[in-house]
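K.L.:
I need the structure of the sequence given here:
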Amino acid sequence: MNALRIATLLGSLLAAVPVAQAQKALTYTVDIDPKTEDLFQVQLETPKLRQEQNVYQFAATAPGTYQIMDIGRFVRKFEAFDAKNQPLEVKQLSTNQWQLQAPEKTRFIRYTIAETWDTPVKEHRVYRMCGTSLEADHALLNGQGIFGYLQGWQDKPLRIKLNYPGDWKIGTALTTDKQGYYTAKNYDHAVDSPFLLGRLTEAKTKLGDAEVALYCYSKTDQVKAEPLLGYMQQMLNAAQAFLVQLPVKRYTFLYHFDDQSHGAWEHSYSSEYVLREAPLTPESASQITSIAAHEFFHVVTPLNIHSEIIEQFNFVQPTGSEHLWLYEGTTEWAAGMMKLRGGLVPLDEYLKELSGKVSYDHTRADTTYSLSKLGLNSFSDEGQRQYGNIYQRGAMTAALLDLRLLELSGGKRGLREVMNELTKRYGPDKPFSEKTFFDDFTKMTYPEIGDFFTRYVKDAQPLPLQEYYAKVGIRYTPVLHTGRQVTSLGAGGVSFASSGTTVQFDAVPATLQACGIASGDELVASGSTAITPYTLKQALTELKARKPGEEYELTIRRGGAEKKVRCQLVAQEDIKRYDFAVAPDATPAQLTLRQAWLKNL
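P.N.:
Numbering: from 1, shown residues only. The predicted structure is shown next:
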């Protein structure tokens, strides 16, 4: 197997199970051979089965992805064998289910499963950070993309052995026991424990008594673990201050840098990132750290604060949670406030981030679609079309909840403090009630919070941004006429949408339409500068620094064909939309509450 060595890998921060229990565990072996053309070979050795365990289930989805995966689509060969290695009959029941015709005789299940990155599918493509990949010098494994479970045995303990090239390194949150095996408490735990293997660099640091490790794969070695972790240290210190005490003893960052950016996926004790490779600079490190801040805060929710829907996840039939606003929106708010209170960003920059979130809510999402509805419908195509707003309107709703709590408590207890209280009340093994959480939260705080939830989470009433931010002396103006003339690409403004490594025109003003540009055209270059989501901002800044009336050249692509167009810069009034700014005439009461808002209480 190409000089494969055996590495026994699985478990978590859990104690090793007793030997007797380990003998009853489901033992998986995964062969990871770069020569197998994007295929993983998996064997499951089972204890004695009964008729109730006659169905082997692959995941339809996974926690935190909010998308249909149907991992059974990637299975290429599925077989069962008895103790003498004789084949037994199996039957595929559905996309994700195989039936064992003789479960009592079955001792081995073997299957070949394709990686999700390079395997074409017609719909519901699996997010890269949530999938599997196998290349010549590295591999990415997410549990639900490799393993299934026997019907009724989702809670059964697992042992996993990985066979991989001897010169590879492995990054994971898991550690080994004295017997050389790592044990997952159950299938959910295995899904919650990704692996990054290959030509990796690694670095470690300490946060209090918690160990933080970072593993990095970089296609051309432009990003190394040690300097990246150095850039992230200030954020981690701010996170520790925000959380008071980290609710985990060990945490692992897994970074994959290659040709495209696809985002990140949180786990209980780790997070993984699939990002475009670029030289590590203070600017690029700042972007990476900002993403990491959000994912790292998931150690609070949903790890320590979650409903029974997350606690007992349904891998067969995706079930949305009404409290997605809490898992993602509150986490996004916390990541931003942590940076503000920790001194990583100044107040004016933080306010610009708020402006961007409100703009997304008003220009790219359905403002009548409530956060509760979004959570419940998150797995549907309809919900997916609104899903991005959970990080925008969801975060703004959490921000207003924080302001309301601070006001009602006289500046002594904001959302941060309530979240820390909820962490102590619940924790990893005690879910809250999906049905009564709004009422439970209200009882912990103030009666007025119940009305807040009804208006802005259950319903989709317009967020009272002006009223609430005035409480801390911050002025919010939906449309602010400055009276200043600035250079613009087109009267009325232009907007863009990005997808992977490309940028497309979204809203196109008449002046650009006259140049031959239409909505949906890809912007390939501005002059001699190639345009990507990473170079767009700088290219626009350079254009707007020129004088009105000057001509400029763009290269666009439509229907696969490129063409150059020449347009003319225009002058227009600088109109700021969804503008947040510090009020110069704030009252003493507003200033007092602002001071509480700007610090960890």
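
K.L.:
domain map for the protein?
P.N.:
4-198, 200-277, 300-473+584-601, 481-576 (automatic domain parsing).

K.L.:
turn those domains into JSON lines, including mean pLDDT.
P.N.:
Compiled in JSON lines, the domains of the chain are given as follows (pLDDT from 0 to 100):
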{"stretch": "domain 4-198", "mean pLDDT": "88"}
{"stretch": "domain 200-277", "mean pLDDT": "93"}
{"stretch": "domain 300-473+584-601", "mean pLDDT": "94"}
{"stretch": "domain 481-576", "mean pLDDT": "88"}
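
K.L.:
would you reformat the ones you listed as TSV and include distance to residue 287 and mean neighbour count?
P.N.:
Heads up, the C-betas are built off the backbone N, CA and C, glycines and all. Listed next are these as TSV, based on distance: least, CB to CB, whole Å; neighbours: other CB atoms under 10 Å:
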stretch	distance to residue 287	mean neighbour count
domain 4-198	16	19
domain 200-277	9	19
domain 300-473+584-601	13	18
domain 481-576	8	15
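
K.L.:
redo those as CSV? Include distance to residue 286.
P.N.:
Putting the domains of the chain into CSV (distance: least, CB to CB, whole Å) gives the following:
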stretch, distance to residue 286
domain 4-198, 20
domain 200-277, 8
domain 300-473+584-601, 9
domain 481-576, 12
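
K.L.:
which of those domains sits closest to residue 289?
P.N.:
domain 200-277 (4.9 Å; CB to CB).

K.L.:
how far away from the center of its chain is the closest one?
P.N.:
13 Å (CA atoms, centre = their mean, to the nearest Å).

K.L.:
do the same with stretch 563-578
P.N.:
34 Å.

K.L.:
try stretch 481-490
P.N.:
36 Å.

K.L.:
which residues are contacting it?
P.N.:
508-512, 540, 543-548, 567, 569-576 (CB atoms under 8 Å, 6 or more residues apart in numbering).

K.L.:
what about 10 Å?
P.N.:
Here stretch 481-490 makes contact (CB atoms under 10 Å, 6 or more residues apart in numbering) with 494, 507-515, 517, 526, 540, 543-550, 552, 554, 567-576, 579.

K.L.:
the strands in the stretch 501-601 of the chain, which residues?
P.N.:
Taking DSSP state E, counting those that start in this stretch as the criterion, the stretch 501-601 of the chain carries its strands at 502-505, 522-526, 529-530, 551-558, 561-568, 570-582.

K.L.:
max-length strand in the chain?
P.N.:
Using DSSP state E to define each element, the chain has its longest strand at strand 474-488.

K.L.:
strand partners of the next helix or strand after that one, parallel vs antiparallel please.
P.N.:
Later in the chain than strand 474-488, the nearest helix or strand by DSSP states H and E is strand 496-499. In the sheet, strand 496-499 lines up against strand 502-505 (antiparallel) (DSSP bridges).

K.L.:
let me see the contact set for residue 363.
P.N.:
By CB under 10 Å, 6+ apart, the neighbours of residue 363 are 495, 506-507, 577-578.

K.L.:
just residue 470 next, same as before
P.N.:
Contacts of residue 470 by CB under 10 Å, 6+ apart are 403, 464, 476, 583, 586-587, 590.

K.L.:
and the nearest residue to residue 100 once chain neighbours are set aside, what does it touch?
P.N.:
Closest residue to residue 100 apart from its sequence neighbours, by CB to CB, 6 or more residues apart in numbering: residue 54 at 4.8 Å. Each residue near residue 54 by CB under 10 Å, 6+ apart is listed here: 90-91, 98-104, 106, 150-152.

K.L.:
any chance of those residues in TSV with secondary structure and distance to residue 395 as columns?
P.N.:
Converted to TSV, the contacts of residue 54 look like this (DSSP: H, G, I helix; E, B strand; the rest coil; distance: CB to CB, whole Å):
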residue	secondary structure	distance to residue 395
90	strand	47
91	strand	47
98	strand	42
99	strand	45
100	strand	46
101	coil	51
102	coil	53
103	helix	48
104	helix	53
106	coil	49
150	strand	40
151	coil	39
152	coil	40
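
K.L.:
identify all contacting residues around stretch 584-601.
P.N.:
Here stretch 584-601 has contacts from 238, 241-244, 337-338, 340-342, 347, 350, 399, 402-403, 406-407, 409-414, 416-417, 469-475, 582-583, using CB under 10 Å, 6+ apart.

K.L.:
and the residues you listed, which of them are in helices?
P.N.:
238, 241-243, 337-338, 340-341, 347, 350, 399, 402-403, 406-407, 416-417, 469-470 (DSSP state H).

K.L.:
span of stretch 175-195 from start to end?
P.N.:
From its first residue to its last, stretch 175-195 covers 12 Å (CA to CA, to the nearest Å).

K.L.:
with stretch 323-336 instead?
P.N.:
Its first and final residues considered, stretch 323-336 spans 20 Å by CA to CA.

K.L.:
report the distance from it to the chain centre.
P.N.:
The answer for stretch 323-336 is 11 Å, by CA atoms, centre = their mean.

K.L.:
all numbers from here: first residue = 841
P.N.:
All set: I'll call the first residue 841, so the last point we hit is now stretch 1163-1176.

K.L.:
direction included, what does the longest strand of the chain pair up with?
P.N.:
The strands that strand 1314-1328 pairs with in its sheet are strand 1410-1422 (antiparallel) (by DSSP bridges).

K.L.:
using CSV, write down the CA coordinates of the partner strand.
P.N.:
Extracted in CSV, the C-alpha atoms of strand 1410-1422 (Å, rounded to 0.1, in the frame of the first residue of the first chain):
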residue,chain,number,x,y,z
VAL,A,1410,-18.3,59.6,-13.3
ALA,A,1411,-18.8,62.0,-10.4
GLN,A,1412,-21.6,61.4,-7.9
GLU,A,1413,-22.6,62.3,-4.4
ASP,A,1414,-21.1,60.2,-1.7
ILE,A,1415,-24.2,58.6,-0.2
LYS,A,1416,-23.6,56.3,2.7
ARG,A,1417,-26.2,53.6,3.3
TYR,A,1418,-27.0,51.8,6.5
ASP,A,1419,-24.4,54.1,8.2
PHE,A,1420,-23.4,53.7,11.9
ALA,A,1421,-21.3,56.5,13.5
VAL,A,1422,-20.5,57.7,16.9
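
K.L.:
now do the helices in the stretch 1091-1240 of the chain.
P.N.:
Along the stretch 1091-1240 of the chain, the stretches classed as helices by DSSP state H, counting those that start in this stretch are 1122-1136, 1148-1151, 1164, 1171-1181, 1187-1203, 1211-1216, 1221-1226, 1233-1248.
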